[in-house]
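Peer 1: A structural model of the following input is requested.
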Amino acid sequence: MSDTAPSPLSDAEYQRLTTAVLASVEADADRWLQDDVIDIDTHRTGGLLELSFPDRSKIVINTQPPLHELWLAAKAGGFHFRFAAGRWRDTRDGKAFADVLSTHASAQAGRPLRFSGDF
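Peer 2: Here you go, the predicted structure:
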């Protein structure tokens, strides 16, 4: 199996992994708001997490249970991720979810932001 081949997940594993990702992203954003790093708001409804930036742009992270994917929508476009080799990987280029999210959040925030989750 290659490093980017999808890992088979049960529905319960998928739910556990995606819930942890959303919670970690939300915790980082809440910490940045509390520490006065950036005025970023979060809104979570089930498997959807919306990050709102000071320029009113948004990043939306959405679970896709039937596909066992995690989707990210940013100003620069949309990205799909599958769990492979212990990480959520972009289905096109294999980049790690945390790296893609950090890149697009930094661009939309106008300052470097690095998500701390190990996902």
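
Peer 1: which strands and helices sit next to the biggest helix by length in the chain?
Peer 2: In the chain, assigned by DSSP state H, the helix with the most residues is helix 11-34. Using 3 or more C-beta pairs under 8 Å, 6 or more residues apart in numbering; DSSP states H and E as the contact test, the elements touching helix 11-34 are strand 41-45, strand 48-52, strand 58-64. Yep, even glycine has a C-beta here, placed from its N, CA and C like the rest.

Peer 1: any chance of TSV for the ones you listed, columns distance to Ser116?
Peer 2: Shown next, in TSV, are the helices and strands packed on helix 11-34 (distance: least, C-beta to C-beta, whole Å):
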stretch	distance to Ser116
strand 41-45	15
strand 48-52	15
strand 58-64	15
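
Peer 1: looking at these, which is nearest to Ala76?
Peer 2: With C-beta to C-beta as the measure, strand 58-64 is the member of those nearest Ala76 (9.8 Å).

Peer 1: the closest one: partners in the sheet, and parallel or antiparallel?
Peer 2: Applying DSSP bridges to the sheet, strand 58-64 is found paired with strand 48-52 (antiparallel), strand 69-74 (antiparallel).

Peer 1: pLDDT of the longest helix of the chain, averaged?
Peer 2: Helix 11-34 shows a mean pLDDT of 96 in the predicted model.
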